[in-house]
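Novice: Okay, here's the prediction I keep looking at, along with the sequence it came from:
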Amino acid sequence: MSRQIAMVIVLNKCIGCQACTAACKSLWTDEEGQEYMLWNNVETKPGRGYPKEWEAKGAKSGWKDGQLQYGDLHDQNDFGSVPQLNHEEVYFKGTEERLQQKEPMTYGANWDEDTSSGDYPNNYHFYLPRLCNHCTKPACLEACPVRAIYKREQDGIVLVDQDKCQGFRLCNRACPYDKVYYNYVKRKSQKCIFCFPRVEQGVAPACARQCPGRLRFVGYLEDADGPIAKLVYQWKVALPLHPEFGTEPNVFYVPPILPASFDAEGRFSDEPRVPTEYLRYLFGPEVDQALITLDAEMDRTKSGKKSELMDLLIAKDWKSLFNITDVQITSSTGAPTS
């Protein structure tokens, strides 16, 4: 593989607006059988996630001691039912007063939205966007018995060849992040394609380009001067989600730092609002040093000194988010931007 495209997501900037989810959904998953699929979703953490309890299943999947592990398949209820609205009754028959669901939902992608953990006044939550990690050691690829899943030489994007896929679903069982979906109509596995047709034209993936918070960086790991390499290798503040799964993800996260917590007398405490133990569970032991670095650079900025890291994370110029080699960024009309 000549190079690996990657994404860095800055969790402190995510407001849970779901613009990324809507952009991905409207662009890629409008075929029959894809109604329930969210190739990109945003979860509230701590929470059960989408699909429900995916982390518990993930612990049984992926790589362990060099061996590929297969977890259980999710029940369709773990994804939640597709909302059925009374469109016909409201818009065509005029027999209903307002648009509403025909049946109450029992679970959905945002079921835990804004559900905080911890005790007042130190309760907390944050948002975690998720998509296929386009891993360096993809478990889905290794699991496929007909080699329908492959990793592109030019950029490391992992794709499913729909003509070859036989629907064995071993990829669904092997992926510890549950980001390979099964189309029950076509009887084939489908997943995020990292918007490769856009990337080939120099346009960032839809989830990144439509994000109003400027929290997604896109570029190549091998580009030493690009934002990805700086955040992952130089500053070491961008970390993979659940590195213990062994797939070597290429979507990285800058961990959240929430406002200070309070002690029993109502004064500011040195204890972090988000327990470091929980962040270690998500991002591994390297998160400790990442938090130290982030705190130090934030203090540097507060004292009036310049911080290259903080300037990079703020991304005042949105074009600094995307560093896709040998292409130009275009506007929504297709015209090159200056």
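Specialist: Arrived safely.

Novice: Going along the chain, name the helices of this protein.
Specialist: Counting by DSSP state H, the chain forms helices over residues 19-28, 54-58, 87, 139-143, 170-174, 196-199, 206-209, 227-229, 276-283, 287-302, 308-314, given from the N-terminal end onward.

Novice: Lowest mean pLDDT across the ones you listed, which one is that?
Specialist: Summarising mean pLDDT across the helices of the chain, the least confident stretch is helix 87, with a mean of 85.

Novice: Next one: the residue nearest to residue 262 when sequence neighbours are not counted from residue 259, what distance?
Specialist: What sits nearest to residue 262 in space, not counting adjacent residues and going by C-beta to C-beta, 6 or more residues apart in numbering, is residue 121, at 5.2 Å. C-beta coordinates here come from the backbone N, C-alpha and C atoms, glycine included. For residue 121, the distance to residue 259 under the criterion C-beta to C-beta, to the nearest Å works out to 10 Å.

Novice: just residue 149 next, same as before
Specialist: Residue 149 sits at a distance of 43 Å from residue 259 (criterion: C-beta to C-beta).

Novice: Compare the two and say which is more crowded by neighbours.
Specialist: Shown here are residue 149 and residue 259; by other C-beta atoms under 10 Å, residue 149 has more neighbours (24 against 9).

Novice: beta partners for that one?
Specialist: Each beta-bridge partner of residue 149 is listed here: residue 160, as defined by DSSP bridges.

Novice: in the stretch 151-300 of the chain, which spans are strands?
Specialist: Along the stretch 151-300 of the chain, counting by DSSP state E, counting those that start in this stretch, strands occupy 158-160, 180-183, 188-191, 216-220, 239-240, 251-254.

Novice: what about these, which gets the closest to residue 199?
Specialist: With C-beta to C-beta as the measure, strand 216-220 is the member of the strands of the stretch 151-300 of the chain nearest residue 199 (8.1 Å).

Novice: quick one on the thing from earlier: was I right about the residue nearest to residue 262 contacting residue 263?
Specialist: No. In this structure residue 121 lies outside contact range of residue 263 using C-beta atoms under 8 Å: 10.2 Å.

Novice: burial of residue 235, as a residue count?
Specialist: Applying other C-beta under 10 Å, we find 18 residues neighbouring residue 235.

Novice: For the nearest residue to it once chain neighbours are set aside, list the residues it contacts.
Specialist: The shortest distance from residue 235 to any residue that is not its chain neighbour, by C-beta to C-beta, 6+ apart, is 5.3 Å, and that residue is residue 309. With contacts taken as C-beta atoms under 8 Å, 6 or more residues apart in numbering, residue 309 has the following neighbours: 235, 237, 293-294, 297.

Novice: what's the answer for residue 273, then?
Specialist: Under the criterion of C-beta under 8 Å, 6+ apart, the neighbours of residue 273 are 118, 122, 124, 258-261.

Novice: redo that, cut-off 7 Å
Specialist: Taking C-beta atoms under 7 Å, 6 or more residues apart in numbering, we find residue 273 in contact with 122, 124, 258-261.

Novice: With residue 55 instead?
Specialist: Residue 55 is in contact with residue 49, counting by C-beta under 7 Å, 6+ apart.

Novice: ok, now how distant is it from residue 282?
Specialist: Distance from residue 55 to residue 282, by C-beta to C-beta: 9 Å.

Novice: likewise residue 53?
Specialist: Relative to residue 282, residue 53 is positioned 15 Å away (C-beta to C-beta).

Novice: Below-threshold pLDDT in the protein: ranges please.
Specialist: Per-residue confidence of the chain (counting by pLDDT under 70) places the weak regions at 325-338.

Novice: sorry, back to before: between residue 53 and residue 282, which is the more surrounded one?
Specialist: Taking other C-beta under 10 Å, residue 53 and residue 282 do not tie; residue 282 has more neighbours (21 against 13).

Novice: Give me the nearest residue to that one, chain neighbours excluded.
Specialist: Beyond its immediate neighbours in the sequence, the residue positioned closest to residue 282 (C-beta to C-beta, 6+ apart) is residue 241, lying 6.2 Å away.

Novice: Touching, that neighbour and residue 247? I think so.
Specialist: No. With contacts counted by C-beta atoms under 7 Å, residue 241 stays clear of residue 247, the gap being 10.2 Å.
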